[in-house]
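Undergrad: Starting from these lines, generate the structure:
(chains A and B)
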Number of protein chains: 2
Amino acid sequence: MSQTDETGSDGRREDLVSDTERRAPAPSRRALLSWGGAGLALGAAAAGGAVAMARTADEVPAAVSGEAVEFHGPHQAGIATPVQDRLHFAAFDVKTEDRAELIALLKEWTEAARRMTAGRAVGEGAYGGLPEAPPDDTGEALGLKPSRLTLTIGFGPSLFGRFGLADRRPDALVDLPKFPGDNLDPNRSGGDLCVQACADDPQVAVHAIRNLARIGFGKVVVRWSQLGFGKTSSTTPEAQTPRNLFGFKDGTRNIAGHETDRLRKFVWVGEKDGPAWMTGGSYLVARRIRMHIETWDRTSLQEQEDIFGRDKREGAPVGKAKEHDEPFLKAMKPDAHVRLAHPDSNNGATILRRGYSFTDGTDGLGRLDAGLFFLAYQRDPRTGFIPIQRSLVADALNEYIQHVGSAVFAIPPGVRDKDDWWGRSLFSEEA
Amino acid sequence: MSQTDETGSDGRREDLVSDTERRAPAPSRRALLSWGGAGLALGAAAAGGAVAMARTADEVPAAVSGEAVEFHGPHQAGIATPVQDRLHFAAFDVKTEDRAELIALLKEWTEAARRMTAGRAVGEGAYGGLPEAPPDDTGEALGLKPSRLTLTIGFGPSLFGRFGLADRRPDALVDLPKFPGDNLDPNRSGGDLCVQACADDPQVAVHAIRNLARIGFGKVVVRWSQLGFGKTSSTTPEAQTPRNLFGFKDGTRNIAGHETDRLRKFVWVGEKDGPAWMTGGSYLVARRIRMHIETWDRTSLQEQEDIFGRDKREGAPVGKAKEHDEPFLKAMKPDAHVRLAHPDSNNGATILRRGYSFTDGTDGLGRLDAGLFFLAYQRDPRTGFIPIQRSLVADALNEYIQHVGSAVFAIPPGVRDKDDWWGRSLFSEEA
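TA: Residues are numbered from 1 along each chain as shown, chains lettered A, B, ... in the order given. The predicted structure is shown next:
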């Protein structure tokens, strides 16, 4: 030990990121007013050194790289939040059969998530006490900015067969049907729990997932995980629409974080939807979509544009000049992607997309194992992803893509204050 | 086609990134003077719309995110260049047996690299002409900044058994010996060619590798590739030293981009070293090092610090207060990593490290497939990586890591001007 002189009398080290805490944003006056206006009660909101004030659903913080995103609120962050640049997503299998142990883990995870999203290390000190013990935090994010980290938890269908939860499974949490063309790898599908970590710095996202897995050692195990290097959708329409690995702008008409009415209509579970514990929550469909980019790259520009129903340069729908012009669907080929995915072709079905491009090295044939890790949030998959995906069975794009992983999760409502925890409404009797 | 009205009379589209070109940095007066002082001839340097002026070895551009890094120079960029945030590395097997075809590809790659590193699309127009043809550029980086992209090519030992190159293989390009503990996967090792793409935006790095692979279709095939999400070394000592996935600062005493003397002594191949075609080049050792982070995370802080020979918080060597204090090796345990890797334990052997953390999902046992993609540049592996790695056979860290991939490449000198190309000195008779 070279640093004993810097260790406090209780054997604890200073929290290295205390300067980060001091930088944690205070709630704006408008946020407080909005809370009042929404008629929601505010609990004691001071957590540790940081002022942890729940934000209203109507107020999505500006996308400023490096800042912290508020963890508390009626909805989980990471859904309507402006999409961060990078993703680390993990699905977990629950190994323990002890309900109390699972609940204790969810509480411990919540506290760790609360700290990490604020840019702080896990545990009371960065090294959690005695040199004879493993550190509370693995350390690789020390000194990095909060990077707009959000952590979003979900519960998979398989969880509800256990822990006395059978009668609490939402009707909307259906097992996804098999779609034509699916080539699903069970090792990249399903999971009892999921955590979506989004941040502008991938090291911050990876650190978060790794520390949750570490905390869960012996109780949960990572079933599969996915790193995403580039966002493919935006929830801030004023920003430049990102391009997918086919080189096209996609998600032009995505639901924006400020569109309260569309969020309420298409994303958040309402009080009358049931079950009560899901009010304010959502449903996540995750699909690992392999893109055959080598084949695509040998396709003519004309064919690429016909397939998407947009021009490649501007992103304008066929026959229109600008990306955000309303598409005239009948001008597109009947099997054009935009036409088939459009709400008008699916009885209004609309989802909030939050996917990321991935590349995971090379397959055995020298092709890049690359594609889209598709993430979609919706109020009900039966009126969201499922009808849209059924419509896309005819998609001309299917020649160039294949779905190789799939999962669906119930996303519980947000953690309201420092005494709340991930899954409380599910596991508590009151809800 | 929705955009015919915007297509020029020759059927070409405007280059979407022409505004990026206009932003390409002009050479500084000092750079021009330095070139003159070094006695190197300047060729006509205007390439396309961008002024492409070679920089001197002594002048490393400041690390400003978003800018372009000059492609031309006596050394390839991507070595002494301030380390960018993200990596996409690819090793290729050459499939053609036709020397002329390989040379033509290297020329085509050079032109594409020249354009992409300047923030421009591949090809004369972003879509390369007729709608009936595949686009010249795959499009996913359109609108993104140059992001300090560098592309660095290397030639593997296996290349020299072919194309009449046997007598041009450098003595220093040895096959690496097998080290105790190595568990090398042939599918993640070797390669006739390599390209290291570094950028602050991973989408820019992935785009570059993908387009080079596309251009090489039928002549080369990707043998393996690796995405790196976080740099683990810095060549700008004033910057914060990054942390590896064990949470430690590593590479504190790395060679800095401005240390001309150390670069000349340890990194660049000198005129007297031979062969002549390698003058100004270097040698790259790439090792995929799996880190058993789950085991590490259950190790006490004291043991972690003993193993590295540094404290975790500050990065100070054992017994010292500050990260950059000169280590007192005898204060460390005999098997401490810093002690065994230090030049004083290896007859002065010094390498320039440029590695990245990776995570590639999960292995079959629920553990993150994560670690360090180690990249080291040196003047000669026989006096650089090999003696250091032999010394590290006793490293206490070996309980927590395993080398699972390995490759070595001769890195030719830089591309000097717009008429030069990657590998000219190797394939031309004059050199």
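
Undergrad: Just give me the neighbour total for the nearest residue to A:L397 once chain neighbours are set aside.
TA: The shortest distance from A:L397 to any non-neighbouring residue, by C-beta to C-beta, 6 or more residues apart in numbering or on different chains, is to A:H337 (4.8 Å). Yep, even glycine has a C-beta here, placed from its N, CA and C like the rest. For A:H337, the count of nearby residues is 23 (other C-beta atoms under 10 Å in any protein chain shown).

Undergrad: Settle this for me: A:H337 is touching A:G309, isn't it.
TA: Yes. Using C-beta atoms under 8 Å, A:H337 is in contact with A:G309, at 6.0 Å.

Undergrad: show me what contacts A:R367?
TA: By C-beta atoms under 8 Å, 6 or more residues apart in numbering or on different chains, A:R367 lies in contact with A:H292, A:I293, A:E294, B:V222.

Undergrad: Which ones among the residues you listed map onto helices?
TA: A:I293, A:E294 (DSSP state H).

Undergrad: what separates the residue in the stretch 151-300 of chain A that chain B sits nearest to from B:R310, distance-wise?
TA: Relative to chain B, the nearest point of the stretch 151-300 of chain A is A:G247 (2.3 Å; C-beta to the nearest C-beta). Distance from A:G247 to B:R310, counting by C-beta to C-beta, to the nearest Å: 45 Å.

Undergrad: what's the answer for A:R120, then?
TA: 23 Å.

Undergrad: same thing with A:L375?
TA: Applying C-beta to C-beta, the value for A:L375 to B:R310 is 39 Å.

Undergrad: what sits against the most centrally placed residue in chain A?
TA: Geometric centre of chain A, nearest residue: A:Q196, 4.3 Å, by C-alpha atoms, centre = their mean. Counting by C-beta under 8 Å, 6+ apart, A:Q196 touches A:G78, A:L87, A:F89, A:T150, A:L151, A:T152, A:G154, A:L284, A:L375.

Undergrad: Name the nearest residue to the residue of the stretch 1-150 of chain A at minimum distance from chain B, ignoring sequence neighbours.
TA: Closest residue of the stretch 1-150 of chain A to chain B, C-beta to the nearest C-beta: A:G139 (2.3 Å). Once flanking residues are discounted, A:G139 sits nearest to B:G247: 2.3 Å by C-beta to C-beta, 6+ apart.

Undergrad: Below-threshold pLDDT in the stretch 101-250 of chain A: ranges please.
TA: Across the stretch 101-250 of chain A, residues meeting the criterion (pLDDT under 70) sit at A:125-129.

Undergrad: where exactly do the helices run in it?
TA: Taking DSSP state H, counting those that start in this stretch as the test, the helices found in the stretch 101-250 of chain A are A:202-215.

Undergrad: where along the stretch 1-150 of chain A do the strands fall?
TA: For the stretch 1-150 of chain A, the strands defined by DSSP state E, counting those that start in this stretch cover A:46-47, A:50-51, A:86-94, A:150-155.

Undergrad: Over to the stretch 251-400 of chain A?
TA: For the stretch 251-400 of chain A, the strands defined by DSSP E, counting those that start in this stretch occupy A:282-291, A:352-353, A:356-362, A:368-378.

Undergrad: is it possible to export those to JSON lines including mean pLDDT and mean neighbour count?
TA: Shown next, in JSON lines, are those (pLDDT from 0 to 100; neighbours: other C-beta atoms under 10 Å in any protein chain shown):
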{"stretch": "strand A:282-291", "mean pLDDT": "98", "mean neighbour count": "24"}
{"stretch": "strand A:352-353", "mean pLDDT": "97", "mean neighbour count": "26"}
{"stretch": "strand A:356-362", "mean pLDDT": "93", "mean neighbour count": "23"}
{"stretch": "strand A:368-378", "mean pLDDT": "96", "mean neighbour count": "25"}
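
Undergrad: could you dump those strands to JSON lines with distance to B:G228?
TA: Below are the strands of the stretch 251-400 of chain A laid out as JSON lines (distance: least, C-beta to C-beta, whole Å):
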{"stretch": "strand A:282-291", "distance to B:G228": "21"}
{"stretch": "strand A:352-353", "distance to B:G228": "27"}
{"stretch": "strand A:356-362", "distance to B:G228": "12"}
{"stretch": "strand A:368-378", "distance to B:G228": "15"}
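
Undergrad: burial count for the nearest residue to A:T150 once chain neighbours are set aside?
TA: With sequence-adjacent residues excluded and distances taken as C-beta to C-beta, 6+ apart, A:T150 is closest to A:G78, at 3.5 Å. Per other C-beta under 10 Å, the neighbour tally for A:G78 reads 28.

Undergrad: mind listing what A:G78 touches?
TA: A:G78 makes contacts with A:T150, A:L151, A:T152, A:Q196, A:C198, as judged by C-beta under 8 Å, 6+ apart.

Undergrad: Roughly how far does the closest residue to the last one other than its chain neighbours sit from B:V415?
TA: Same thing as A:C198. In space, and not counting its chain neighbours, A:C198 is closest to A:Q84: 4.2 Å by C-beta to C-beta, 6+ apart. Plainly put, A:Q84 is 36 Å away from B:V415 if you go by C-beta to C-beta.

Undergrad: In three-state terms, label A:Q402 for me.
TA: Per DSSP: H, G, I helix; E, B strand; the rest coil, the local secondary structure of A:Q402 is strand.

Undergrad: Could you pull up the residues touching it?
TA: Neighbours of A:Q402 in contact, by C-beta under 8 Å, 6+ apart: A:G181, A:D182, A:N183, A:I289, A:R290, A:H292.

Undergrad: now for these, which pair is the farthest apart?
TA: In those, the most distant members under the criterion C-beta to C-beta are A:D182 and A:H292, with 15.4 Å between them.

Undergrad: from what I can see the residue of the stretch 1-150 of chain A closest to chain B touches B:R243, true?
TA: Yes. If you go by C-beta under 8 Å, A:G139 and B:R243 touch, sitting 6.3 Å apart.

Undergrad: Among these two, which residue is more densely surrounded?
TA: Set A:G139 next to B:R243 and count neighbours by other C-beta under 10 Å: A:G139 wins out with 27 against 24.

Undergrad: re earlier: include distance to chain B when you put the strands of the stretch 251-400 of chain A into a markdown table, please.
TA: Formatted as a markdown table, the strands of the stretch 251-400 of chain A follow (distance: least, C-beta to the nearest C-beta, whole Å):
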| stretch | distance to chain B |
| --- | --- |
| strand A:282-291 | 10 |
| strand A:352-353 | 17 |
| strand A:356-362 | 5 |
| strand A:368-378 | 6 |
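
Undergrad: Let me know which of these is the nearest to A:I401.
TA: Of the strands of the stretch 251-400 of chain A, the one closest to A:I401 (C-beta to C-beta) turns out to be strand A:282-291, at 5.4 Å.
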